[in-house]
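Engineer: Fold the following and give me the result.
(chains A and B)
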Amino acid sequence: MSRIRKRYGMAVDTRTCVGCSACVIACKTENGVADGFCRDWITTSTTGAFPDLTMTIQSERCHHCEDAPCVGVCPTGASHYGPGGTVLVNQTKCTGCKACIAACPYGARFVDPRTGAVDKCTFCVHRTERGGATTACQDVCPTESIVFGDLNDPTSAIAQLIAKRERYTLLPEAGTRPKLFYLT
Amino acid sequence: MKRRDFIRISSASGAVLAGSGLTTNWFSLYADPIPDPGTDGDRIVPSFCELCFWKCGILAHVRDGRVTKIQGNPKDPLSGGHLCPRGTGGTGLLYDPDRLKRPLVRRGARGSQSFEEVSWDDALNEIAENFERIKSRWGAGALALFSHGYGGNWMKHLFKAYGSSNIAAPSYAQCRGPREVGFDLTFGSGVFSPEPTDMPNSRCIVLIGSHLGENMHNTQVQDFAAAIRNGADIITVDPRYSVAASKSRYWLPIRPGTDIALLLAWMHVLLAEGLYDRDYIEQHAYGLDQLKDHVKPYTPEWAYPRTGLEPDLIRRTAHVMAGARPATLIHPGRHVTWYGNDTQRSRAIAILNALVGSWGRRGGFYIPVQLDLPKYPYPGYHEHAEQVVDRPSPSDYPLADELLTQGVCEASIPGVRDRPNLKGWMVYGSNLLTSLPNPEQTRRAIQELEFLVTVDVLPAEIVGWSDVVLPEATYLERCDELLNPAYRQPYVAVRQEVVPPMYDSKPGWWIAKELATRLGLTDFFPWHDSMEYAKTRLHEAGYDCDVLRRDGVILGERRPIYFEEGAPAEFYTDSGKIELYSPRLAALGFDPIPTWHADEVEQPPAGFYRLLFGRAPVHTFGRTTNNRLLSEVYSENAVWVNATVAKKWGLADGERVYLKNQDGVQSTFSAPVKVTERIHPEAVYMVHGYGHTAKGLRFVQGKGIDDNELVTRYKVDPLMGGTGMNVNFVTFVRATDIAQAEGAAAGQEVEA
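Structural biologist: Numbering: from 1, shown residues only, chains lettered A, B, ... in the order given. This is a model prediction of the structure:
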């Protein structure tokens, strides 16, 4: 039986996300992220003047781009495509040169002060590749606004959301083909 | 490949790469290794949370004796496997380096925060001696307990056994009290917690100052999101463009303090246009004709100049509410002590719910159900004469059905009441200096006490004023009373010890039992420990304690929760009906139907702005602001200032200001200004829980402004004694001006 290659992505529903940051804290504890750093974060943008206002709340992280500039610029091959097209960093190969940090248009990377290596969102591959579990941020999300899954599997929740709902990506002009989608 | 095989491979490759760095071990079938942070527990212990008071079911992962992470328990009806950020960050409390570690006895003056560490025996003996002295001289009724949090149940039991029913919590007179009374007067039942709102089935939700999404009661926010997904129309009334407002079809940016005018206008539209639920009202309600007459003059046009809301907007939103009924929920809110007329506002909300027929209906309020779980077979509490200590006379605040905290303070100050004063307090998990209005009065009361003992986890301000301080184990280190809430589905949950208590901290049940032994009350604590207590209760009801400890919860059978399913349509009012007109209020001399009194709400003086406060989603008041993990997201509050106002004052975003209130009280610390379009020009807004002065809170001390120290005034609700706190006005003092003035003063000293 031939299987289509997995293509992991994430959809965040901006209609229901309240920006509570449960995803941020859950990621930090799940992944033992260094104090003072986070792999995902909330942005809020308000437009208009009182009382005619609109506000968008986004849970952001690495976009696990299909044309990831961070992978291209990495001199040691530490930044690479992992399972399902996730963008990962092999910490043993990383020299902490920060070329990837400069290349990433989303500000998704940082140097872990404990290791000197670059750290970032992994789409929780240590969970998802064990089967069954999803990412820590989806797991915790009280508004169920975060959906991780295989974009190439038409029966997956994410594929169905992407097919059905209006959506946008961040900085499409950067040409990175991001796989983090915001539903509106 | 089975998961077990996978783990075996991962542990083998882990051995090869051991020592490759920190907690990272590696497992992979790919060329590059997949990092495994190794936070999955070797033990996973179900329990329930105490980062707020909602009590969500959790799964605590323990690895090598350390709690690595906390997840939602999927079996738990409240969390459904999801958590809010606070519950997720519970390890930040457990491992807070500033925790109280050993019992303390005061050695300096009260408030000097100067203590000596003592043994538990010495501390408990000192408490017992003081209690016995106060009881023999003044009676047990001279002792009062302030308690907030689930572990406080043991202390309440101790107090009742000792002969004092003076048990108070700020969660009543400073929070949800007016709502309970307003709904009870109307439907014959309060709202309680968790609120029986059926939001997943609502087609219209009206939020009045309720900032769901920033106020993160987990299930409520889950339900709110479900309502959005289901396409419910949301109407938010708030002088601030809250997160909830941003999710709403209609945002009504009301002038602060005028909600009753809006509610009356909405009633007017529903009644004048015949849009209310006639069958429901005819069947269940009393006083329709009086209500109709009463609201006749309250047209949307009348409400417009008061509320600042266009008549057309008021009418249109009333139509949306009517169109969705009975699945229209006008949310009762939770923290509702705003203006001192709060019971009447809550009653107006209740009446509006009656008009759309939502009480007892799908999409409105369900009728909660509870497991039948017999109480522990204690001996009966000793009879003792009930004294009304918290009010000048029993006829004051006649509808109060819990003790008033501010009244307990007053009763501790000589000369305020013409009867013997309270002489001793125990304070459990309740930082009175930042939760009761007018902290100067609280400090005065404390100075008059013969004895103050505090049981807490962190060295909050109240600790610094105590004579004896007992370090309690956190919720992850103790077993508490069983949880048996009235909810959508009956269930029982257990809080159990995830890891043993750190330092020399002890669980609340142990503290209460040890004190009971010293006070001659062993009959009231016959169990060996709290788990044996739980086992006894469960056994009596036919439940298996081991199953409960394994799963965290035991679910009961679903029962009808809507009238249309067969839930009893019973209203425990005097008339047995929903009271649109309240004969009880009329008899007590209050407005039998909520009425607009123009003079009730004072407007800000020139150059001053109404001080409003609320919550950030990662914090529960000041209880969590020292939590370093949660503070990575939010570490200091800001003063929200409308952009036009900021321009007038020349205030830049991020510039630090002190706030000074109408009585000349200036905040101890400063906070940055947040220049925003999201707040009404007549008000400023802050997240509550900052401006800590307690030295022991080493992380958060000195960060941000304590709104409570600016709440020098409060307006007491004449019906039930709630303290309306949104009646203070503040102005800005630039931090740079203060620094210059201080610099000049220092310069003069040098010259002198």
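Engineer: Just give me the neighbour total for residue 111.
Structural biologist: Looking at chain A here, since you left the chain open. Close neighbours of residue A:111, defined as other C-beta atoms under 10 Å in any protein chain shown, add up to 17. For the C-beta atoms, the positions are set from N, CA and C on the backbone; glycine is no exception.
Engineer: nope, chain B please
Structural biologist: Residue B:111 has 16 neighbouring residues, counting by other C-beta under 10 Å.
Engineer: cool, residue B:327 as well?
Structural biologist: Neighbour count for residue B:327, taken as other C-beta under 10 Å: 22.
Engineer: Not counting its neighbours along the chain, what's nearest it?
Structural biologist: Once flanking residues are discounted, residue B:327 sits nearest to residue B:363: 2.6 Å by C-beta to C-beta, 6 or more residues apart in numbering or on different chains.
Engineer: right, and the helix or strand after the worst-scoring helix or strand of chain A on mean pLDDT?
Structural biologist: Least confident helix or strand of chain A, by mean pLDDT, DSSP states H and E, is helix A:125-128 with a mean of 92. Counting by DSSP states H and E, the element after helix A:125-128 in chain order, helix or strand, is helix A:136-140.
Engineer: moving C-terminal of that next one, what's the next helix or strand?
Structural biologist: Counting by DSSP H and E, what follows helix A:136-140 is strand A:146-150.
Engineer: What helices and strands are in contact with that next one?
Structural biologist: If contacts are counted by 3 or more C-beta pairs under 8 Å, 6 or more residues apart in numbering or on different chains; DSSP states H and E, strand A:146-150 sits against strand A:8-13, helix A:136-140, helix A:157-164.
Engineer: Quick one: neighbours of residue A:13, just the number.
Structural biologist: Neighbour tally, residue A:13, other C-beta under 10 Å: 23.
Engineer: Which other helices and strands does the lengthiest helix in chain A contact?
Structural biologist: Longest helix of chain A, by residue count under DSSP state H: helix A:22-31. Packing partners of helix A:22-31 (3+ C-beta pairs under 8 Å, 6+ apart): strand A:41-49, helix A:136-140, strand B:66-72, helix B:85-88, helix B:628-631.
Engineer: quick one: low-confidence parts of the chain?
Structural biologist: This is for chain A. A:1-3, A:132 (pLDDT under 70).
Engineer: you looked at the wrong chain, it should be chain B
Structural biologist: B:1-30, B:385-386, B:746-752.
Engineer: returning to what we had before: count of neighbours near the residue nearest to residue B:327?
Structural biologist: The number of residues near residue B:363, taken as other C-beta under 10 Å, comes to 26.
Engineer: now swap in residue B:289 and tell me
Structural biologist: Neighbours of residue B:289 (other C-beta under 10 Å): 9.
Engineer: Helix, strand or coil: sort out it for me.
Structural biologist: Using DSSP: H, G, I helix; E, B strand; the rest coil, the secondary structure recorded for residue B:289 is helix.
Engineer: got the contact list for it?
Structural biologist: Under the criterion of C-beta atoms under 8 Å, 6 or more residues apart in numbering or on different chains, residue B:289 has no neighbours.
Engineer: ok, 10 Å please
Structural biologist: B:580, B:581 (C-beta atoms under 10 Å, 6 or more residues apart in numbering or on different chains).
Engineer: rewinding a little: could you dump the longest helix of chain A to PDB, C-alpha only?
Structural biologist: Provided in PDB are the C-alpha atoms of helix A:22-31 (Å, rounded to 0.1, in the frame of the first residue of the first chain):
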ATOM      1  CA  ALA A  22      -2.500  28.400  28.000                       C
ATOM      2  CA  CYS A  23      -0.700  27.200  24.900                       C
ATOM      3  CA  VAL A  24       2.400  29.100  25.900                       C
ATOM      4  CA  ILE A  25       2.500  27.700  29.400                       C
ATOM      5  CA  ALA A  26       1.700  24.200  28.300                       C
ATOM      6  CA  CYS A  27       4.500  24.300  25.700                       C
ATOM      7  CA  LYS A  28       7.000  25.600  28.300                       C
ATOM      8  CA  THR A  29       6.200  22.700  30.700                       C
ATOM      9  CA  GLU A  30       5.900  20.000  28.100                       C
ATOM     10  CA  ASN A  31       9.200  20.900  26.400                       C
END
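Engineer: how distant is it from the center of its chain?
Structural biologist: Taking C-alpha atoms, centre = their mean, to the nearest Å, one finds helix A:22-31 lying 13 Å from the centre of the chain it belongs to.
Engineer: wait, isn't the residue nearest to residue B:327 in contact with residue B:328?
Structural biologist: Yes. Using C-beta atoms under 10 Å, residue B:363 is in contact with residue B:328, at 7.2 Å.
Engineer: what sits in contact with each of these two?
Structural biologist: Common neighbours of residue B:363 and residue B:328 (C-beta under 10 Å, 6+ apart) are B:202, B:203, B:204, B:205, B:232, B:356.
Engineer: among the helices and strands packed on helix A:22-31, which is the most enclosed?
Structural biologist: Compared across these, helix B:85-88 shows the largest average neighbour count, a mean of 30 (mean count of other C-beta atoms under 10 Å in any protein chain shown).
Engineer: helices or strands up against the following helix or strand past it?
Structural biologist: For helix B:85-88, the following helix or strand on the C-terminal side (DSSP H and E) is helix B:91-94. Counting contacts by 3 or more C-beta pairs under 10 Å, 6 or more residues apart in numbering or on different chains; DSSP states H and E, helix B:91-94 packs against helix A:22-31, strand B:57-63, strand B:66-72, helix B:628-631.
Engineer: and these as a markdown table, adding distance to residue A:179?
Structural biologist: Shown next, in a markdown table, are those (distance: least, C-beta to C-beta, whole Å):
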| stretch | distance to residue A:179 |
| --- | --- |
| helix A:22-31 | 17 |
| strand B:57-63 | 29 |
| strand B:66-72 | 25 |
| helix B:628-631 | 29 |
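Engineer: Just confirm residue A:54 contacts residue A:46, I think it does.
Structural biologist: Yes. With contact defined as C-beta under 10 Å, residue A:54 counts as touching residue A:46 (7.3 Å).
Engineer: so what sits against both of those two?
Structural biologist: What both residue A:54 and residue A:46 touch, as defined by C-beta under 10 Å, 6+ apart, is the set B:241, B:246.
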